[in-house]
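In: Okay, predicted coordinates and the sequence, questions at the end:
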Amino acid sequence: MKANKHIQRDEQATKIFDDRSLKNDYRNLMGILKPGMNILDVGCGTGAISKDIAKIVGEKGKVIGIDNTENFILSGKESYQDITNLELIHVDLFDFNPEEKFDLIVSARVLQWLSNPKEALLKIKSLLKPNGQISILDYDHTNLDWNPAPPESMQTFYDTFLKWRQDAGMNNRIAEDLPDLLKEAGFHSIEKINSDDFYNEERSDYKSKIGIWSKVAGSLQMVEEGYLDNELRLKAIEEYNHWIETEAISMTMKLNEVRGKI
């Protein structure tokens, strides 16, 4: 998003977004969705979760998904063109000034990439109807739990990843800080709902989900910016993939969904 330093998610992320669903990746939101609602999804990626929301709000409702990465929006428009109450728009949140206001604004795994999350929350607040509601789903990266511990090379990569994010102004534990941020932005009736992602072999997508860190390590960005030796990056990918096949039991990524009203 403009006016802040953030990571530009690469094309490899398109498949990650396409594999997401409301049921698996934003499950607690389903309890507050109602037919006829007008909803904005901020940082929607390809719109995979947005399209599930659109099916629940029905023909009398509408979902607009916005994302600042054009490739994701183009992909989503092609994939979900048959969903008539879903509109996907390539635009930055801070440049988005629709005439309509929204009953509910959601944003999943987005604020973690921003150095100015409070500004984003204030912008979102301005787009809500009176008595409107916000739902933010995001990570506490400082409490990632692997069972058993992965290879040292991946642990070193992950520690470097956190340092790189921190230096860029991103909050590695934003999931825990969101209630205070919503309060500072003027929201009330704030709720924090545990929404941890737990992956083990009982899930059909177990290996691909645990393998997210091989995909993250696939980017050369930290090498190019001087944070990481490329040899270590390649070693982390190789050893981590072997760990997935031979030792991995589970992985828990700490997530909170935080809601507030105006």
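Out: Sure, I can see it. Just so you know, these numbers come straight off a predicted model, no measurement behind them. Numbering: from 1, shown residues only.
In: For the rest of this, base every contact and every neighbour count on C-alpha atoms.
Out: Fine.
In: what's next to stretch 54-62, contact-wise?
Out: If you take Cα atoms under 8 Å, 6 or more residues apart in numbering as the criterion, stretch 54-62 is touched by Leu33, Lys34, Pro35, Gly36, Met37, Asn38, Ile39, Val63, Ile83, Thr84, Asn85, Leu86.
In: Return the residues in contact with the closest residue in space to the last one that isn't next to it in sequence.
Out: Taking Cα to Cα, 6 or more residues apart in numbering as the measure, Leu86 lies nearest to Val63, with 4.9 Å between them; neighbours along the chain are not counted. By Cα under 8 Å, 6+ apart, the contact set of Val63 is Asn38, Ile39, Leu40, Asp41, Ser50, Lys51, Ile53, Ala54, Asn85, Leu86, Glu87.
In: got it, and Leu232?
Out: Leu232 neighbours (Cα under 8 Å, 6+ apart): Ser153, Phe157.
In: how much space between it and Val57?
Out: 47 Å (Cα to Cα, to the nearest Å).
In: now do Asp103
Out: Asp103 sits 11 Å away from Val57, taking Cα to Cα as the criterion.
In: which residues are common contacts for those two?
Out: Met37, Asn38.
In: Mind listing residues that contact stretch 102-118?
Out: Outside stretch 102-118, the residues that reach it (Cα under 8 Å, 6+ apart) are 1, 4-7, 26, 37-44, 120, 124, 127-129, 131-139, 168-172, 174, 181-182, 184-185.
In: Please convert the buried members of those residues into ChimeraX selection syntax.
Out: Selecting only the buried entries of those in ChimeraX, with 16 or more other Cα atoms under 10 Å as the criterion:
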select :1,4,6,26,37,38,39,40,41,42,43,44,120,124,127,128,129,132,133,134,135,136,137,138,139,168,169,170,171,172,174,181,182,185
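In: Filter the contacts of stretch 102-118 down to the ones in helices?
Out: Mapping the contacts of stretch 102-118 onto helices (DSSP state H) picks out Ala120, Ile124, Ile174, Leu181, Leu182, Glu184.
In: now these as TSV including pLDDT?
Out: Output for these, formatted as TSV (pLDDT from 0 to 100):
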residue	pLDDT
Ala120	97
Ile124	98
Ile174	97
Leu181	97
Leu182	98
Glu184	97
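In: Turn these into JSON lines, columns for distance to Lys209.
Out: As requested, the ones in helices among the contacts of stretch 102-118 are arranged in JSON lines below (distance: Cα to Cα, whole Å):
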{"residue": "Ala120", "distance to Lys209": "28"}
{"residue": "Ile124", "distance to Lys209": "30"}
{"residue": "Ile174", "distance to Lys209": "21"}
{"residue": "Leu181", "distance to Lys209": "29"}
{"residue": "Leu182", "distance to Lys209": "29"}
{"residue": "Glu184", "distance to Lys209": "34"}
